[in-house]
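Participant: what follows is a protein structure lacking sequence information:
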Ligand SMILES: [Zn+2]
Ligand SMILES: [Zn+2]
């Protein structure tokens with residue numbers, strides 16, 4: 001019996017989700033075919049308000065680290081941080097060839113180089129429509145439109161049929177570069193081998209209708225630029241949104257302006273995209289940011305980072321008067337050509353307010369149509385279902401509510417109820433002759449990275465949250481370990497507490513409680529400093545918790561003399 005072909009017919013295929021199912025960000029999955037693993041995207045998530053001091057959040061790589069010898073390749077769908085930003089962390093633990101478009105690789109490899117991991121990484125550029133063999137699997141890159149050029153859906157040709165991962169996508173019929181979502185190829189696969197399992201982007205699964213074309217934004221920008229003949233224009237957008245940058249450059253050229261980039265990632269990406277032929281800037285148009293003051297404001301357009309209100313990005317620095325290059329005035333029109341991603345609304349709102357204080361005109365997605373989403377709405381998601389006709393469906397890339405509504409949409413489009421699964425981070429989805437089901441889990445918690453401290457765990461975060469919301473109570477107890485007694489009454493210090501009555505209560509009853517507990521513990525001759533520290537923490541913690549109904553961080557300090 002030919003065991004290889006027998007295995008090929010019967011081995012189940014597994015899809016393992018490490019992130020992105022239950023939150024927007026840190027997208028990472030693996031497809032397991034005949035025991036070999038192909039990783040799809042390695043993204044990061046930006047921290048939320050309840051993660052003080054955290055710079056970014058990674059997927060839990062435990063499973064991938066433990067199975068590093070089974071990984072045959074890493075496939076990148078596109079160059080966004082929530083898909084490639086975690087590569088430089090994963091590559092510390094495993095080495096495998098990394099496949100993606102020239103742009104996705106250009107953006108990802110920059111970070112990997114910065115992290116000093118170039119030796120670990122072998123990048124393989126793939127073209128639209130190309131199929132590469134990764135381990136036992138044929139992997140096909142299908143063009144899709146999104147808010148970064150050269151994005152791909154991926155078709156995995158497996159023994160259990162074709163699995164299509166949509167990547168992040170929209171169906172833009174008039175894209176800036178004319179490169180459309182290749183619906184024809186999806187239809188061809190559907191009508192020949194059929195699509196066994198579809199995994200698709202759920203970000204806009206609650207939004208009715210269709211996402212507008214990127215070129216609609218270009219038309220709005222041209223009108224804005226042409227109408228402001230006496231003003232300098234500062235335009236902020238995502239540094240990876242090169243089609244937006246192209247349209248800003250086009251509007252600038254049309255209105256007789258030079259263009260200067262501001263922000264490191266903006267400068268890097270513009271250089272990269274020009275080299276790859278993705279961005280076209282006429283000769284003589286780009287000028288250095290340090291020379292803009294030698295032009296009349298009406299001749300200048302600055303393309304800047306910071307459209308999400310990030311405190312250290314160029315736009316925020318300008319707004320707070322800390323920019324080395326730009327001083328704002330009423331001769332500036334600032335265009336924020338983006339929409340705040342959830343969690344950033346407050347930061348963007350503050351920047352908009354500061355810009356008004358400088359007398360700037362502020363144009364943003366709330367008052368002009370200067371932004372469109374990169375993700376498919378319900379109309380486009382329905383088209384994808386209609387063209388791909390999947391037997392099984394798992395929604396990906398979204399918060400729980402997005403996944404929920406996307407699954408309902410798929411069911412309304414004909415996917416049988418039992419054939420659509422709502423999987424979450426850590427789930428192992430098994431696909432075999434019998435169908436699809438969740439079978440087992442892998443670790444998939446948040447991994448927090450603090451730029452200053454490196455990895456931080458839940459305990460540290462909990463400490464920071466308590467400090468931020470409840471403050472700190474410290475007690476200093478000086479003991480004579482020979483005489484087995486206190487040298488003086490304990491001293492209590494608080495931080496982040498206001499009420500004088502609370503301070504008074506701590507200074508009298510609180511001190512007495514701690515003193516009594518420590519004295520009692522000292523009666524046991526075996527009690528050392530460590531044990532006394534525990535006694536003092538427990539006594540003060542209980543007092544603060546039960547008597548004062550607060551949860552402050554308790555810091556006991558025992559000084560032995
Ligand atoms: Zn994306
Ligand atoms: Zn994404």
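Facilitator: That came in fine, so what should we check first? As the structure is a computational prediction, the values presented were derived from the model and not from experiment. Ligands and ions are numbered 1, 2, ... in the order given.

Participant: what sits against the residue in the stretch 301-450 of the chain that ligand 1 sits nearest to?
Facilitator: Residue of the stretch 301-450 of the chain nearest ligand 1, by C-beta to the ion: residue 374 (6.0 Å). From N, CA and C alone the C-beta is placed, and that goes for glycine too. By C-beta atoms under 8 Å, 6 or more residues apart in numbering, residue 374 lies in contact with 145-148, 168, 170, 211, 241.

Participant: inside strands: which ones of those residues?
Facilitator: Among those, DSSP state E puts none in strands.

Participant: ok, then the element right after the helix or strand bottoming out on mean pLDDT in the chain?
Facilitator: Every helix and strand in the chain was compared by mean pLDDT, DSSP states H and E; the lowest is helix 3-10, with a mean of 48. Downstream of helix 3-10, the next assigned helix or strand under DSSP states H and E is strand 13-19.

Participant: okay, now the sheet partners of the helix or strand following that following strand, with direction.
Facilitator: Once strand 13-19 ends, the next helix or strand along the chain (criterion: DSSP H and E) is strand 21-22. Its sheet considered, strand 21-22 pairs with strand 398-399 (parallel) by DSSP bridges.

Participant: whatever helix or strand comes next after the partner strand and ligand 2 in contact?
Facilitator: Using DSSP H and E, the helix or strand that follows strand 398-399 in sequence is helix 400-412. No. Applying C-beta under 5 Å from the ion, one finds helix 400-412 out of contact with ligand 2, separated by at least 11.8 Å.

Participant: residues of helix 400-412 that come out buried?
Facilitator: The neighbour-count check on helix 400-412 (16 or more other C-beta atoms under 10 Å) flags 402-407, 409-410 as buried.

Participant: what pLDDT is listed against residue 456?
Facilitator: According to the prediction, residue 456 has pLDDT 67.

Participant: three-state assignment of residue 218?
Facilitator: At residue 218 the chain is in helix, as set by DSSP: H, G, I helix; E, B strand; the rest coil.

Participant: can you report how many residues neighbour it?
Facilitator: 18 (other C-beta atoms under 10 Å).

Participant: what's the helix or strand for the closest residue in space to it that isn't next to it in sequence?
Facilitator: Of all residues beyond its chain neighbours, the one nearest residue 218 is residue 247 (3.8 Å), with distances taken as C-beta to C-beta, 6 or more residues apart in numbering. Under the criterion of DSSP H and E, residue 247 resides in helix 242-254.

Participant: same check on residue 143?
Facilitator: Assigned by DSSP H and E, residue 143 falls within strand 137-144.

Participant: neighbouring strands for the helix or strand following that strand, and are they parallel or not?
Facilitator: Sequence-wise, the next helix or strand downstream of strand 137-144 (DSSP H and E) is strand 151-158. Here strand 151-158 has these sheet partners by DSSP bridges: strand 137-144 (antiparallel), strand 161-165 (antiparallel).

Participant: and these: which comes nearest ligand 1?
Facilitator: Checking those against ligand 1 by C-beta to the ion gives strand 137-144 as the closest, at 10.2 Å.

Participant: list the contacts of the closest one.
Facilitator: By C-beta under 8 Å, 6+ apart, the surrounding residues in contact with strand 137-144 are 31, 33, 36, 38, 72-73, 75, 99, 101, 126-133, 151-158, 164, 166-170, 179-182, 185-186.

Participant: ok, back up a step: do me a favour and average the pLDDT over the strand holding residue 143.
Facilitator: Strand 137-144 comes out at a mean pLDDT of 98.

Participant: tell me what angle it forms with strand 13-19.
Facilitator: 50 degrees (axes from the mean of the first three to the mean of the last three C-alpha atoms, to 10 degrees).

Participant: on contacts alone, who are the packing partners of the helix holding residue 247?
Facilitator: Judged by 3 or more C-beta pairs under 8 Å, 6 or more residues apart in numbering; DSSP states H and E, the packing partners of helix 242-254 are helix 214-227, strand 258-262, helix 264-275, strand 300-304.

Participant: contacting ligand 2 as well, which ones from the contacts of residue 374?
Facilitator: When the contacts of residue 374 are filtered against ligand 2 using C-beta under 5 Å from the ion, the residues retained are residue 168.
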